[in-house]
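> I'd like to go over a predicted model; first the sequence, then the structure.
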2 protein chains.
Amino acid sequence: MTARQGRLYVVGLGPGDAGFLTHDASAALEEAEDVIGYAPYVARVPERPGQTRLASDNRVELDRAREALSRAAAGRVVAVVSGGDPGVFAMASAVFEAVEGEPAWRDLDIRVLPGISAMQAAAARLGAPLGHDFCVISLSDNLKPWDVIAARLEHAARGDFVIALYNPASRARPQRIHDAFAILRGLLEPETVIIFAKSVGRAEENILVTRLAEADPSQVDMSTLIIVGARGTRVIARAAATPFVYTSRKAP
Amino acid sequence: MTARQGRLYVVGLGPGDAGFLTHDASAALEEAEDVIGYAPYVARVPERPGQTRLASDNRVELDRAREALSRAAAGRVVAVVSGGDPGVFAMASAVFEAVEGEPAWRDLDIRVLPGISAMQAAAARLGAPLGHDFCVISLSDNLKPWDVIAARLEHAARGDFVIALYNPASRARPQRIHDAFAILRGLLEPETVIIFAKSVGRAEENILVTRLAEADPSQVDMSTLIIVGARGTRVIARAAATPFVYTSRKAP
């Protein structure tokens, strides 16, 4: 057998709706011989005869990355799929962590194809809440200590950034979202705009616009993306629809 | 003439390359009767017989938004086009600012279609430098005072966020990028990873990976997206290519 040049695509599927997919992502999914990812994401890739599909559990990013890299190194065209953007709290970081651990993988043909991340889809549904300077924070303390997260929340709040919060809650750490809101309540005005955007782009999509004083963090689950407004974030009430929300380009 | 329901799409074209376009964005550009935007973005939309194209200067976002909303209110299907994601330092905020100023526009059918923003495309080219908590800051002081920008840079640096900097320089304010780097040098280690990503997705694309001690801000122009690494940002050297850069999911 002659040596063949493999390739690894790290593909962002965007939020649920296929309309968010980029043309490059679609082309890579068609080209791939092997599709690898967390099971619900693999299920979103249209099946193609002859394509191998490897669906795995959520907690094994690094194993999944190594499997994908091994196959690409063996000459296969592989797509690792992520929801949202693989570069934003998704598979790309794990892939390059695996590459760093294995010198033979450094010269592989690896192409990251960005996707629409949950905060972008949520923002678009509402108007433009990310319309000015913002911070993006994962509340998961699986891989970083809570005090790092707490310090980042404080800096983001004191800097009057809009804040997008990923991975806000799970059964393993139900208290963290309450801790996060306690920090925000200590630093931000009660009328600060809060958005709970659940399952954006999927059938069960549900978006709530409220204020920090009224927000109930126990409504939040792992499929919720939270946006915390800045002082310049404004709400435009509408007659028969979710209000528009945007952050002014001007300092308030 | 019977009344007709107009619609306004606020469409993200992504960075230059058409492969970054989403399927929803392509469909909206085909459907639109009027395409409105800053001239270089309008030029990227494939021409279609019967479609009106209105290209304007960069500094008139609010006028452009009002023109688009007036046309939609008159029953036309209009697309306002932005590079990148319209929700990230682009047209969406101006559109909703215009909506807030005119109650008759609040119940229009307005659909924001997110796109791949410059930071995502730049990050994807390198690996996963935005792979953990990050802040996104525009260095433009057209609409906000410099002291707000300076305070946000400080908070972002002290919080050990990765930082993406948009609108880093212009002929009107050549000193600001030097001021920004002076702040970063006062707070971050000399070996902090710095990425200058120029014209990502276009023919003249040029990406430099360096360190804060060596970075020369005078190389930066308005088409450059800057990424400042966090303590967990790592560089993987390669034999014959730009190094990979990723930010670890773990706290350093």
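Good, I have the coordinates.

> now the residue nearest to residue A:190 when sequence neighbours are not counted: how far from residue B:147?
Nearest residue to residue A:190 in three dimensions, chain neighbours excluded: residue A:213, at 3.6 Å (CB to CB, 6 or more residues apart in numbering or on different chains). Every C-beta, even on glycine, is put in place using the N, C-alpha and C of the backbone. Per CB to CB, to the nearest Å, residue A:213 is found 29 Å from residue B:147.

> ok, now residue A:115?
Applying CB to CB to residue A:115 and residue B:147 gives a distance of 36 Å.

> Settle it for me: which of the two has more neighbours?
Higher neighbour count among residue A:115 and residue B:147: residue A:115, with 32 against 10, using other CB atoms under 10 Å in any protein chain shown.

> Which segments of chain A make up each domain?
A:7-116, A:119-247 (automatic domain parsing).

> what about the shortest one, near chain B?
Yes: for domain A:7-116, a contact with chain B is found by CB under 8 Å from any CB of the partner chain, at A:14, A:17-24, A:26-27, A:61, A:85-89, A:92-97, A:99-100, A:106-107, A:110, A:112-116.

> Going through these, which ones are buried?
A:14, A:17, A:19-24, A:26, A:61, A:85-89, A:92-97, A:99-100, A:106, A:110, A:112-116 (16 or more other CB atoms under 10 Å in any protein chain shown).

> number of nearby residues for the residue nearest to residue A:190?
Using other CB under 10 Å, residue A:213 is surrounded by 11 other residues.

> Checking it next. Helix, strand or coil?
coil (DSSP: H, G, I helix; E, B strand; the rest coil).

> burial of residue A:44, as a residue count?
Residues near residue A:44, counting by other CB under 10 Å: 16.

> Local confidence estimate at it?
pLDDT for residue A:44: 95.

> which ones are touching it?
A:13, A:16, A:18, A:81 (CB atoms under 8 Å, 6 or more residues apart in numbering or on different chains).

> Restricted to buried residues, select the residues you listed in ChimeraX.
Here is the ChimeraX command that selects the buried residues among these (16+ other CB under 10 Å):
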select /A:13,16,81
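
> what's the distance between residue A:209 and chain B?
13 Å (CB to the nearest CB, to the nearest Å).

> again with residue A:122
Distance from residue A:122 to chain B, by CB to the nearest CB: 9 Å.

> Give me the number of neighbouring residues for that residue.
27.

> Counting by contacts, list what the helix or strand encompassing residue A:8 packs against.
Using DSSP states H and E, the element containing residue A:8 is strand A:7-12. If you count contacts as 3 or more CB pairs under 8 Å, 6 or more residues apart in numbering or on different chains; DSSP states H and E, strand A:7-12 packs onto helix A:23-31, helix A:61-73, strand A:77-82, helix A:91-100, strand A:110-113.

> by how many degrees do that strand and strand A:77-82 diverge?
Relative orientation of strand A:7-12 and strand A:77-82, computed by axes from the mean of the first three to the mean of the last three CA atoms, to 10 degrees: 20 degrees.

> Mind listing what's buried along stretch A:189-206?
By neighbour count with 16+ other CB under 10 Å, stretch A:189-206 contains the buried residues A:192, A:193, A:194, A:195, A:196, A:197, A:198, A:199, A:200, A:201, A:205.

> and these, which two are the farthest apart?
A:192 and A:201 (25.6 Å; CB to CB).

> Contacts only, for residue A:209.
A:126, A:193, A:194, A:195, A:235, A:242, A:243, A:245.

> Can you add secondary structure and give the residues you listed back as TSV?
Output for these, formatted as TSV (three-state DSSP):
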residue	secondary structure
A:126	helix
A:193	strand
A:194	strand
A:195	strand
A:235	strand
A:242	coil
A:243	coil
A:245	strand
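
> filter these down to the ones near chain B?
Restricting the contacts of residue A:209 to those within reach of chain B (CB under 8 Å from any CB) leaves residue A:245.

> Any chance of CSV for the contacts of residue A:209, columns pLDDT?
Listed next are these as CSV, based on pLDDT from 0 to 100:
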residue, pLDDT
A:126, 97
A:193, 98
A:194, 98
A:195, 98
A:235, 98
A:242, 92
A:243, 96
A:245, 98
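
> So which residues on the stretch 151-252 of chain A come close to chain B?
So the stretch 151-252 of chain A meets chain B at A:151-152, A:154-156, A:158-161, A:234, A:236-241, A:244-251 (CB under 8 Å from any CB).

> let's see 6 Å
Counting by CB under 6 Å from any CB of the partner chain, the positions of the stretch 151-252 of chain A adjacent to chain B are A:152, A:155, A:158, A:159, A:236, A:238, A:239, A:244, A:246, A:249, A:250, A:251.

> quick one: the second one is in a helix?
In this case it means residue A:155. Yes: counting by three-state DSSP, residue A:155 is part of a helix.

> you'd agree it is up against residue B:155?
Yes: judged on CB atoms under 6 Å, residue A:155 makes contact with residue B:155 at a distance of 4.2 Å.

> any shared contact partners between these two?
Common contact partners of residue A:155 and residue B:155 (CB atoms under 6 Å, 6 or more residues apart in numbering or on different chains): none.

> SS state for residue A:89?
coil.

> Could you check how far it is from residue B:30?
Distance from residue A:89 to residue B:30, by CB to CB: 33 Å.

> again, but for residue A:130
27 Å.

> between these two, which one's more packed in?
Higher neighbour count among residue A:130 and residue B:30: residue A:130, with 32 against 12, using other CB under 10 Å.

> that's a helix at that one, yeah?
No: judged by three-state DSSP, residue A:130 forms no part of a helix; its state is coil.

> count of residues packed around residue A:4?
10.

> quick one: it and residue A:75 touch, right?
Yes: Residue A:4 is within contact range of residue A:75, at 3.7 Å (criterion: CB under 6 Å).

> quick one: low-confidence ranges for chain A?
Judged by pLDDT under 70, chain A has its weakly predicted residues at A:1-3.

> change it to 80
Chain A contains residues with pLDDT under 80 at A:1-4, A:57-59, A:170-172, A:251-252.

> measure residue A:223 to residue A:205 for me?
10 Å.

> Correction: the previous question concerned residue A:249.
From residue A:249 to residue A:205 the distance is 28 Å (CB to CB).

> and if you look at residue A:66?
Distance, residue A:66 to residue A:205, by CB to CB: 34 Å.

> What of residue A:54?
Distance from residue A:54 to residue A:205, by CB to CB: 29 Å.

> and residue A:240, what element?
With DSSP H and E as the test, residue A:240 turns up in no helix or strand.

> quick one: contacts for it?
Residue A:240 neighbours (CB under 6 Å, 6+ apart): none.

> Just read off the phi/psi values of it.
Taking degrees, to the nearest 10, you get phi -140, psi 40 for the backbone angles of residue A:240.

> Burial check on residue A:208, number of neighbours?
15.

> about what we covered before: which of the domains of chain A sits closest to residue B:136?
domain A:119-247 (5.3 Å).
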